[in-house]
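>>> Have a look at this prediction, sequence included:
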4 protein chains.
Amino acid sequence: MFRFGKLGDGGSGAVNDRDGDAGRAAPRKRADARRNERTLLDAAAAVFVTSGVEAPVRDIAARAGVGVATIYRHFPTRADLIIAVYRHQVESCAEAGPALLASSATPHDALGRWVNLFVDFLVTKHGLAAVLRSDEAGFEALHTYFLDRLMPVCARLLEAAAAAGEIRPDIDAYELMRGVGNLCIGADSDPRYDARRLVELLIAGLRLPR
Amino acid sequence: MFRFGKLGDGGSGAVNDRDGDAGRAAPRKRADARRNERTLLDAAAAVFVTSGVEAPVRDIAARAGVGVATIYRHFPTRADLIIAVYRHQVESCAEAGPALLASSATPHDALGRWVNLFVDFLVTKHGLAAVLRSDEAGFEALHTYFLDRLMPVCARLLEAAAAAGEIRPDIDAYELMRGVGNLCIGADSDPRYDARRLVELLIAGLRLPR
Amino acid sequence: MFRFGKLGDGGSGAVNDRDGDAGRAAPRKRADARRNERTLLDAAAAVFVTSGVEAPVRDIAARAGVGVATIYRHFPTRADLIIAVYRHQVESCAEAGPALLASSATPHDALGRWVNLFVDFLVTKHGLAAVLRSDEAGFEALHTYFLDRLMPVCARLLEAAAAAGEIRPDIDAYELMRGVGNLCIGADSDPRYDARRLVELLIAGLRLPR
Amino acid sequence: MFRFGKLGDGGSGAVNDRDGDAGRAAPRKRADARRNERTLLDAAAAVFVTSGVEAPVRDIAARAGVGVATIYRHFPTRADLIIAVYRHQVESCAEAGPALLASSATPHDALGRWVNLFVDFLVTKHGLAAVLRSDEAGFEALHTYFLDRLMPVCARLLEAAAAAGEIRPDIDAYELMRGVGNLCIGADSDPRYDARRLVELLIAGLRLPR
DNA sequence: GATGAATGAGAATTCATTCAT
DNA sequence: GATGAATGAATTCTCATTCAT
């Protein structure tokens, strides 16, 4: 089955080489700032795994061996940090959509596979799903990013399946993704709960009664 | 469709008529305390609606017009308060199970209706679903209460449907309820998200391929 | 060795039959009030043993099976309660002074025995010694009572010993009692610490170099 | 008579010159933090004098003109703060032991002088003696520090005196220090009570009857 | 640019004491 | 007289965020 492709960073490790803005030669100082940002992202990823995405800023700074203010400089908002940490995986996920559509037997099948990818991603991110649906101010950026990037992909798959007459047409991508996200909340801390199985049910439920 | 019957307190209002059982047993003095407890429950319900079930104790006290310690006297633990606030509705929900099983066309149908009841309840309780799945110490009592009361009902319906060959037999009541609960998280604050529809999908997904 | 005589209540049990103010026939209601006061004193004594004399008022009320206000009615101040609880033993101690002086070989010997009595009393009263030296407002009554009752007795013994040329004349009763009281603080909770032995040293130290 | 040597800070004033060891080791930035820590220690010392070592954290912060969290940063535990405040004096006291042994006429004499030092220290520290004997959790560090540092010194003096046949051999350093400590409780707030005199008695009482 | 010290608002919880019934 | 419910002050501790160095 599809995995988060080229990266293989199963949810913890190094992330992000920051948009390849190869562009104009960055001023010298950028070198260590860049290194710093990288360190920060790795540290954040690690802390997120153990303490969740709402972990105290201080913990992340400590892990990275930098001062807290450094985090604020690079990522004014917690959402910015979260986005940066997961950007690669989100991108991979987004890119996987069309590929799956092309390679799967049916659109509904592709949809199921793609959603599995999304679930695999979320389930391993302690607290991400929860914050993804939080309405606390300051997370709009996060919502926006995830939605902007993934919703179109999901919508595409839904349309295809609907067009093929495989699924009910009355559900939209936003709602589906929100539902899937919700089903992933707390999935990592409860051995009696298997988010994947429930999501499978949800996708199965989309099927039109043949 | 079934509603929370006689009560009709759609998630905010007065709760708890606490021993309407006129009985002599209760000491007289309770008169004002009784009134106060009631006030407290109403205030809590109201605050829960706007600020979620994790609202500061102080806010609830203020809303009720009492001192904080009064809350602690009546409800030593936040879980106690939450349980008290929602007890009636939980009971109603639990009692509705067997009735639905008897009155519905098929067990799967009964299951769907019952789950709808549960969703109707949760969706209006800002933050309840979230706290229900929280693993923070201090909420065990809450989990226990909900689970003890509702899981058996759900299990009963699942068994019936499975026995009738209507649904897949590989899902248990705990997981289903958790899933449904999760789908309700944040449902009240997002107009684009309809938990009922998604839960419907989930239940539909249980169906065995004819 | 001398004990707290007739009483034999080694620090816990029932205390106080409240000044036998046999006087004029007390109004009827007094009967249960009297009983109540007695219950209260027993309860207080018991709680003092386990939780110290600074135990929460509520605990004492609970133990006595009465409301907190009842305590306040009978004993407006914590000091009043403490005094009432220990009155008998303090009286016994006070009365033992002259008797010891008469029955002992020398005044210094009598002093030692009497101080032992005082120590036996204090050591078993969790926290009494501490509160006895506390300067918190509200304990003056307590200090006053203890001092008024016991200091003269101690002074008498000191004088006799000084007059007999057995001890240094430059220490007064107040200071000695305070010292002894202090040595008793916390004695019951520390197995490595024996207040009696230290007090013995102190008394020994009074001796004039022969 | 011996005093707390070079310091002469009779119980209130400036404490702690914290690494006067110019060394390169300490990072530059500490400049203001250092000043702050010093301010904090001075403030704490002052507040301790008036309100005792159990004074509310907030009061200390206010006195120092800093936020409460600043205290927590520097001294996570109240015990840490107390230790820091008194460290110098404790050290001086500890160091004085051997010196006194060498310079005094007899070991018993040295013991008396050393104990006087200890008393001088304690008597001026409102509440220190009380907390020193408290069994509340959170003060172990404090007990440990004081005991670790001072008990061996006291033990040494006791042994020497015992070896010289000057004193009774049946008292150990822990008990003696505890007793002396107790005698100092509340000594500063009671003009009729002179802890020094009583301690003197205690030490005199150790003497073997010639 | 980086640092990490300082800030101060917030939330929980406990008890002595008063007061309506 | 008795009750025990209500009060509300007091205290601790934690973090996100800012700012002087």
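Yes, it's here.
>>> Need the residue closest to the centroid of chain A.
residue A:90 (4.4 Å; C-alpha atoms, centre = their mean).
>>> so that residue is in which element?
For residue A:90, the element it lies in under DSSP states H and E is helix A:78-103.
>>> Does that helix reach DNA strand F?
Yes: Helix A:78-103 is in contact with DNA strand F by C-beta under 7 Å from any atom of the strand, via residue A:78. The C-beta positions use only the backbone N, C-alpha and C, and glycine is treated the same way.
>>> Tell me the spatial nearest neighbour of the residue in chain A positioned nearest to chain D, not counting adjacent residues.
Closest to chain D within chain A is residue A:67: 9.9 Å, counting by C-beta to the nearest C-beta. In space, and not counting its chain neighbours, residue A:67 is closest to residue A:61: 6.1 Å by C-beta to C-beta, 6 or more residues apart in numbering or on different chains.
>>> Please apply the same query to residue A:189.
In space, residue A:189 is closest to residue B:135, 5.4 Å off (C-beta to C-beta, 6+ apart).
>>> so what pLDDT did that neighbour get?
Model confidence at residue B:135, given as pLDDT, is 75.
>>> about what we covered before: residues in contact with the residue nearest to residue A:67?
Contact analysis of residue A:61 by C-beta atoms under 8 Å, 6 or more residues apart in numbering or on different chains lists A:43, A:67, A:68, A:70, A:71.
>>> Go again with 10 Å.
Taking C-beta atoms under 10 Å, 6 or more residues apart in numbering or on different chains, we find residue A:61 in contact with A:40, A:43, A:44, A:47, A:67, A:68, A:69, A:70, A:71, A:72.
>>> What helix or strand is it located in?
Per DSSP H and E: residue A:61 is located in helix A:57-64.
>>> Would you mark the buried spots in that helix?
A:57, A:59, A:60, A:61, A:63, A:64 (16 or more other C-beta atoms under 10 Å in any protein chain shown).
>>> hey, C-alpha coordinates of that helix in CSV?
The C-alpha trace of helix A:57-64 is given here as CSV (Å, rounded to 0.1, in the frame of the first residue of the first chain):
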residue,chain,number,x,y,z
VAL,A,57,6.7,26.0,23.9
ARG,A,58,9.5,25.8,26.4
ASP,A,59,9.8,22.0,26.0
ILE,A,60,10.4,22.4,22.3
ALA,A,61,12.9,25.1,22.8
ALA,A,62,14.7,23.0,25.3
ARG,A,63,14.8,20.0,23.1
ALA,A,64,16.2,22.1,20.3
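>>> residues contacting residue A:60?
By C-beta under 10 Å, 6+ apart, the contact list for residue A:60 reads A:40-41, A:43-48, A:51, A:66, A:68, A:71, A:75, A:78, A:81, A:85.
>>> And the helices in chain A, which stretches?
Per DSSP state H, chain A carries helices over the ranges A:30-51, A:57-64, A:68-74, A:78-103, A:107-123, A:128-132, A:140-163, A:173-184, A:195-206.
>>> So the fourth one, near chain B or not?
No: residues of helix A:78-103 are not located near chain B by C-beta under 10 Å from any C-beta of the partner chain, the shortest gap being 16.5 Å.
>>> roughly how far out does that helix sit from the chain middle?
In terms of C-alpha atoms, centre = their mean, to the nearest Å, the centre of helix A:78-103 is found 6 Å from the chain centre.
>>> what do you get for stretch A:124-138?
Once both centres are worked out by C-alpha atoms, centre = their mean, stretch A:124-138 turns out to sit 11 Å from its chain's centre.
>>> For that stretch, buried residues please.
So, applying 16+ other C-beta under 10 Å, buried residues of stretch A:124-138: A:124, A:125, A:126, A:127, A:128, A:129, A:130, A:131, A:132, A:133, A:134.
>>> how many other residues sit next to the residue of chain A closest to chain D?
If you count neighbours by other C-beta atoms under 10 Å in any protein chain shown, residue A:67 ends up with 13.
>>> for residue A:102, same thing?
Counted with other C-beta under 10 Å, residue A:102 comes out at 8.
>>> Pull up the gap between the closest residue to residue A:178 other than its chain neighbours and chain C, please.
In space, residue A:178 comes closest to residue B:193 once its chain neighbours are excluded; the distance is 5.0 Å by C-beta to C-beta, 6+ apart. Per C-beta to the nearest C-beta, to the nearest Å, residue B:193 is found 49 Å from chain C.
>>> Where does chain A get nearest to chain C, which residue?
residue A:56 (35.4 Å).
>>> so what's that residue up against?
Here residue A:56 is in contact with A:47, A:62, A:68 (C-beta under 10 Å, 6+ apart).
>>> Among those residues, which one sits closest to residue C:146?
The nearest member of the contacts of residue A:56 to residue C:146, counting by C-beta to C-beta, is residue A:62 at 55.1 Å.
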